[in-house]
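*Asks:* Pasting a predicted model and its sequence here:
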Amino acid sequence: MSTPFISPRPGIMDIDPYVPGEGGIKNNKGGKKDVIKLSSNEGAFGPSPKAVSALTDVAGSMNRYPDGSASQLTDAIGKRFGLDPARIVCGAGSDEILSLLAYSYAGPGDEVLYTEHGFLMYPIAAKAAGATPIAAGETDLTTDVDKLLAAVTDKTKIVFLANPNNPTGTYLGASELQRLRAGLPTNVLLVIDAAYAEFVSRDDYTPGFELVDQGNNTVMTRTFSKIFALGGIRLGWAYMPAEIADVINRVRGPFNVSSVAQAAGIATLEDTEFFNKSREHNIEWIEKTQNALRNMGIETTNSVGNFVLAQFDGENGKTAKAADKFLRNNSIIVRQMNAYGLANCLRISIGREDEMQACIDALDRFMKSEMN
C-alpha cells in the first residue's frame, strides 16, 4: 500500500517562487567568470567599512543568541529617523516583515491588493497566508490611486504599496499617498514599502512616517539591503502603530535578527560619509544612465530608485531579450522583467562608475548593431 502524499495548505502550490537576480555567468569549464552584476539593486560600493569592522568585532561571540528585541538597533534607527523605538520592529529583511503582516492580517477568503507591476513578494506573501492577491492597474507604469481604490472590496484586508515602486522606479507624491490612505476603509491595512526611500531626492516625496502616526492602520517598511548595502545579512525594519507592533512581535521568531546583522546595522547607520557618498553617486548616475539610454532610442521611466527601467520598442530586432543576450555576451548581467509582465523591459541597477560606463557602452554597441 502506497504512503499517502502529504498535501500543503490550499494555495501554496499556486505560488511562483521568487527568482532573485543572477550572480554570475558560467564559463566553458562550468565555473563563473568575472561579471558586472547590475541585476539586484545592490549597493554600488559594497558595505560600509564601519559595518565590516563591526562584524569583525562581533565574530568572537557568535555562540551567543542575539538580543531578541534588537533593542540597540531599534534605538539607533529611532535616533536616525526621529521615531519611537518601541514602534519599530526588525526582521530578516523587510521581506520577512511583509510576510508577517500578511500572516497576521489576511487569510482564506481575504484579498490582498497591490499594483499591476508591484514587487513580486506581495502576491507570494498573500498566497502563503491563504489570501487572494489582487493586482490593480497602473497608469504609465505608475500607481493610480483611483484604480487602487476602485479595486477595494469588503474582502480587502491589506494594500501593499511600493513607493518608490520596484521595478518601475516611479512613485506617489505625499498628497496622493494621503489621498490613498483617506480613501481606504479604516479596517484596511496600508503597508507602504519604502525600500528605496533614501535614494529619492524629490521635494514632494514622503516615506510615510506621518501616515503611520495619524492612525492605527498604516505600516511603513524599510530595508538595509539597498543604500546601506547589507543585502547579504538580511536586515529590514518597519515603523508601525503600537498595536500592530504587539501583534508582529507575537508571531515573529524570537531571534529573527542575527547578532551580526544587528551589529552591522548599527554601524552603518553611523557612517554618514558612506551614506552621502552612495546617495550622491546614485543621483549622478541615474541621470547619466537614463539620458544616455534615451539618446540611443531606449525609453526609460523617470526612476527615483537605484535602478533604471529600460524599455525596448522591438523595432529591427532590438528587443529586451536580444539586449539581455548581448549584455551577457559582454559579461554584464541585468534583470529581465518577464515575471513582472514587462517583457519589453530590462531593469539595470546603478553600480560603480566603471560598471555603468561599460553597460552604457555595450548598449550603445547593441543599438548600433545589425540584427540577423
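*Replies:* Arrived safely.
*Asks:* Just give me how far stretch 340-360 sits from the chain centre.
*Replies:* Here stretch 340-360 shows a centroid-to-chain-centroid distance of 16 Å under the convention CA atoms, centre = their mean, to the nearest Å.
*Asks:* So for it, what gets flagged as buried?
*Replies:* 340, 342, 345-351, 355-356, 358-360 (16 or more other CB atoms under 10 Å). (Each C-beta comes from the backbone N, C-alpha and C, glycine too.)
*Asks:* which pair in those residues spans the largest distance?
*Replies:* The largest distance within the buried residues of stretch 340-360, taken as CB to CB, falls between Tyr340 and Ala358 and amounts to 25.1 Å.
*Asks:* Settle this for me: Ala102 is touching Ala125, isn't it.
*Replies:* Yes: when contacts are counted by CB atoms under 8 Å, Ala102 is listed as touching Ala125 (4.0 Å).
*Asks:* shared neighbours of those two, which are they?
*Replies:* With contacts defined as CB atoms under 8 Å, 6 or more residues apart in numbering, the residues adjacent to both Ala102 and Ala125 are Val112.
*Asks:* Any regions of the stretch 101-250 of the chain where pLDDT drops low?
*Replies:* Low-confidence segments of the stretch 101-250 of the chain, defined by pLDDT under 70, are absent.
*Asks:* And the helices in it?
*Replies:* In chain order, the stretch 101-250 of the chain shows helices spanning 121-128, 145-150, 174-183, 209-214, 242-251, with DSSP state H, counting those that start in this stretch as the criterion.
*Asks:* highest average neighbour count across those helices?
*Replies:* helix 121-128 (a mean of 22; mean count of other CB atoms under 10 Å).
*Asks:* Domains in the protein, by residue range?
*Replies:* Domain assignment for the chain, taken from automatic domain parsing, gives 21-46+273-366, 50-271.
*Asks:* Quick one: closest of those to Ser7.
*Replies:* Comparison of the domains of the chain against Ser7 by CB to CB identifies domain 50-271 as nearest, at 13.8 Å.
*Asks:* What's the end-to-end length of the closest one?
*Replies:* According to CA to CA, to the nearest Å, domain 50-271 extends 7 Å from its N-terminal end residue to its C-terminal end residue.
*Asks:* now it: how far from the chain's centre is it?
*Replies:* Per CA atoms, centre = their mean, the centroid offset for domain 50-271 relative to its chain is 9 Å.
*Asks:* how about the closest residue to Lys318 other than its chain neighbours, what does it touch?
*Replies:* Among residues not flanking Lys318 along the chain, Phe312 sits closest, at 5.6 Å (CB to CB, 6 or more residues apart in numbering). Applying CB under 8 Å, 6+ apart, we find Phe312 in contact with 298, 318-320, 323, 344-346.
*Asks:* Distance to Gly137 added to the helices of the stretch 101-250 of the chain, as a markdown table?
*Replies:* As requested, these are exported to a markdown table (distance: least, CB to CB, whole Å):
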| stretch | distance to Gly137 |
| --- | --- |
| helix 121-128 | 15 |
| helix 145-150 | 5 |
| helix 174-183 | 15 |
| helix 209-214 | 23 |
| helix 242-251 | 28 |
